[in-house]
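**Student:** Here is the input, now give the coordinates:
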Amino acid sequence: MSKLILLHTSYHLTPIHRRACNSVVSPSLFTPSSLRSQCLRPQSISPSTPLSLRSISARAFDSSSPETKEEELKESDGEIVNKTTTADKEYPSGEFQFEKASAWKSFVVKLRMLIAFPWQRVKKGSVLTIKLRGQVSDQLKSRFSSGLSLPQICENLMKAAYDPRISGVYLQIESLNCGWGKVEEIRRHILDFKKSGKFVVAYVPACGEKEYYLASACQEIYAPPSAYFSLFGLTVQSSFVRGVLEKVGIEPQVERIGKYKSAGDQLARTTMSEENCEMLTALLDNIYGNWLDVISSTRGKKREDIENFINEGVYQVEKLKEEGWITNIQYDDEVISMLKERLGVQKEKTLPMVDYRKYSRVQQWTVGLSGGKDKIAIIRASGSISRVQGGLSLPGSSIIGEQFIEKIRTVRESKRYKAAIIRIDSPGGDALASDLMWREIRLLAASKPVIASMSDVAASGGYYMAMAADAIVAENLTLTGSIGVVTGKFNLGKLYEKIGFNKEIISRGKYAEVLAAEQRSFRPEEAEIFAKSAQNAYKQFRDKAALSRSMTVDKMEEVAQGRVWTGNDAASRGLVDAIGGLSRAVAIAKLKANIPQDKQVALVELARPSPTLPEILSGIGASLVGVDRTMKEVLQELTFSDGVQARMEGIMFQRLEGASQANPIFSLFKDYFGSL
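**Tutor:** Numbering: from 1, shown residues only. Down below sits the predicted model:
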């Protein structure tokens, strides 16, 4: 069932965080305890015309170094503003502008609230409460789905800004299991909500760098005296299982193209490569530096003072209050009592509150946020990429090429959509599926504007999809690029000897046993064709990236090689066009579709999820659903995928998806064997 979402944008430049960065890996590897060239729409593409022969679109990208583009910084509402590339400035920002409702509109809204369904009614003077904890999905969720949905969090904050029944927002922030891209998006919507003049208060019983990054956008921050604060800095880790495999008689034979392509290193190496170390170090510097910049601006302190405070290893809540990191030390009930007093609620009465899940049922139409006639399709692509639906695949847990292509063709053949936005949150996967989806997105872009909007990660196959769009929008810390491939197989010969197992093969054809014979190593001629096959897949990926981004192959090679970049760094290298979230992608789509920026549009979410039986059972309290999901995920990831893969490191994806409740042993195997 489709969902209409209003988005009103303005033509102002959006704030951009400082620090052009270098290479990157998974956002979720950085844990508190351990760690925006304008492109014209492409010309019409005939399905029978080779894409390599079509005219390359004009691009106004300035390829000069990031240093020459960086100008003076200024502060704005706790955000670091960085004037970036000329091309980026040419795009509208999509920045949220709060407009106070007229007397007539207020009357209409109140009337709508009177006739709303009972489950959409909210008591006047209510406080919207959202518990930001655990995994945050980029997908829309059904009523019975567990966990948080980024689109619904952002929608709730926007609705609450205009809802006269909502007095403010009370955020309870605990350990988050998501990347920095989603954190940036949520933080932006918190700042947008504040423009309404309503309060937003944060309560942080457990707080690391990501959690404090969000809390710092709030007007007040409270913590209980026993709160767990671990603002000690960031680390990144890489684990290697080659030694373990050798002990059990398994020889991994991995072919990865691109010196920075680290997928497979856990299997093939026992130590970190110099190139991987370079990427990890640059990522660490970039994310940590960005965090210091934003927090120092928010707290009104020098960056050096923030860094020195972190290096003191402070964990005492009293010290945090003394240094101005939090507003006060209070328990949850004390914060609620304080809010009651602020809102004039009598002590003996209960503070009217509405939680995230119930408020998600309130329609935007109810609060006066109705969409316009022009429609923009939103097609979400989250998870690893595969070509067909697997037997153990869970609905909405991955990108199925066949299903995604159907959605793309539906939008291309429909006249109701003025433009389309591909919302990507994927570390990649099957290279063939990625290429097929790339083709369909290019065909769609020939008929109407297509904008790619990146969430936490759009790397490898995820970037393969994005580069087919007219323009690519990424968050400052989105992980993107990783233009490279990896493939491989296991030689289980020694393991078979140890357990007394034997396998014999009768074949016809010189290379018939390339992948079939797992009981022996590659023969020289097999190893050669295996390597050439991977190299050919890489060249196709790289050359199409060069075509899509209007670069020469040599120029693309400089930023390919399997290297992953943050969004800001990717923008300085021509891989990304603009820095921002979904709202900026919509603003750019409106620009390219010749829709005035001040005109409202309706965002139509395709394939809004329907509740599955496991979700319904989960919604009514079944405890085995999580176990069932974990086992299916593990069994699916423990098998080798057929063909060449365009994906990021397995560990990265596992942490991105956040199977935090899985058995540690299962998680270990999933981390290592999910890479290929």
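
**Student:** Can you get me the centre-to-centre distance for stretch 399-407 and its chain?
**Tutor:** In terms of Cα atoms, centre = their mean, to the nearest Å, the centre of stretch 399-407 is found 19 Å from the chain centre.

**Student:** Just the CA coordinates for it, please, in PDB.
**Tutor:** This file holds the C-alpha atoms of stretch 399-407, laid out as PDB (Å, rounded to 0.1, in the frame of the first residue of the first chain):
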ATOM      1  CA  ILE A 399      17.500  -6.200  -2.300                       C
ATOM      2  CA  ILE A 400      16.100  -8.700  -4.700                       C
ATOM      3  CA  GLY A 401      17.100  -7.700  -8.200                       C
ATOM      4  CA  GLU A 402      14.000  -9.100  -9.900                       C
ATOM      5  CA  GLN A 403      11.600  -7.400  -7.500                       C
ATOM      6  CA  PHE A 404      13.500  -4.100  -7.600                       C
ATOM      7  CA  ILE A 405      13.500  -4.000 -11.500                       C
ATOM      8  CA  GLU A 406       9.700  -4.500 -11.400                       C
ATOM      9  CA  LYS A 407       9.400  -1.400  -9.300                       C
END
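
**Student:** ok, and what's touching that stretch?
**Tutor:** The set of residues external to stretch 399-407 that reach it, using Cβ atoms under 8 Å, 6 or more residues apart in numbering, is 379, 381-389, 393, 426, 429-430, 432-434, 436-437, 440, 606-607. All C-beta spots, glycine's among them, are computed from the backbone N, C-alpha and C.

**Student:** mind redoing it with 7 Å?
**Tutor:** By Cβ atoms under 7 Å, 6 or more residues apart in numbering, the residues outside stretch 399-407 that reach it are 379, 381-389, 426, 433, 436-437, 440, 606-607.

**Student:** Now do the buried residues in that stretch.
**Tutor:** The neighbour-count criterion (16 or more other Cβ atoms under 10 Å) identifies Ile399, Ile400, Gly401, Phe404, Ile405, Lys407 as the buried residues of stretch 399-407.

**Student:** now do stretch 577-595
**Tutor:** Neighbour counts over stretch 577-595 (16+ other Cβ under 10 Å) mark 577-593, 595 as buried.

**Student:** How about the residue most central in space within the chain, nearest residue that isn't a chain neighbour?
**Tutor:** Residue closest to the mean C-alpha point of the chain, counted by Cα atoms, centre = their mean, is Asp456 at 2.2 Å. Spatial nearest neighbour of Asp456, excluding adjacent residues (Cβ to Cβ, 6 or more residues apart in numbering): Gly179 at 3.0 Å.

**Student:** I'd say that neighbour and Met454 touch.
**Tutor:** No: look at Gly179 against Met454 with Cβ atoms under 7 Å: they stay out of range, at 10.5 Å.

**Student:** Now the common contact residues for these two.
**Tutor:** With Cβ under 7 Å, 6+ apart, Gly179 and Met454 have no common neighbours.

**Student:** And the pLDDT for Met652?
**Tutor:** Met652 is assigned a predicted lDDT (pLDDT) of 39.

**Student:** sorry, that was for Tyr417
**Tutor:** We note a pLDDT of 97 for Tyr417 in this prediction.

**Student:** For the spatially closest residue to it that is not a sequence neighbour, list the residues it contacts.
**Tutor:** Here the nearest residue to Tyr417 in space, its sequence neighbours aside, is Ala377; by Cβ to Cβ, 6+ apart that works out to 4.5 Å. Residues in contact with Ala377, defined by Cβ under 7 Å, 6+ apart, are Val411, Tyr417, Ala420, Val604, Leu606.

**Student:** could you dump the residues you listed to JSON lines with distance to Val354 and neighbour count?
**Tutor:** Converted to JSON lines, the contacts of Ala377 look like this (distance: Cβ to Cβ, whole Å; neighbours: other Cβ atoms under 10 Å):
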{"residue": "Val411", "distance to Val354": "35", "neighbour count": "23"}
{"residue": "Tyr417", "distance to Val354": "33", "neighbour count": "23"}
{"residue": "Ala420", "distance to Val354": "33", "neighbour count": "30"}
{"residue": "Val604", "distance to Val354": "26", "neighbour count": "21"}
{"residue": "Leu606", "distance to Val354": "29", "neighbour count": "18"}
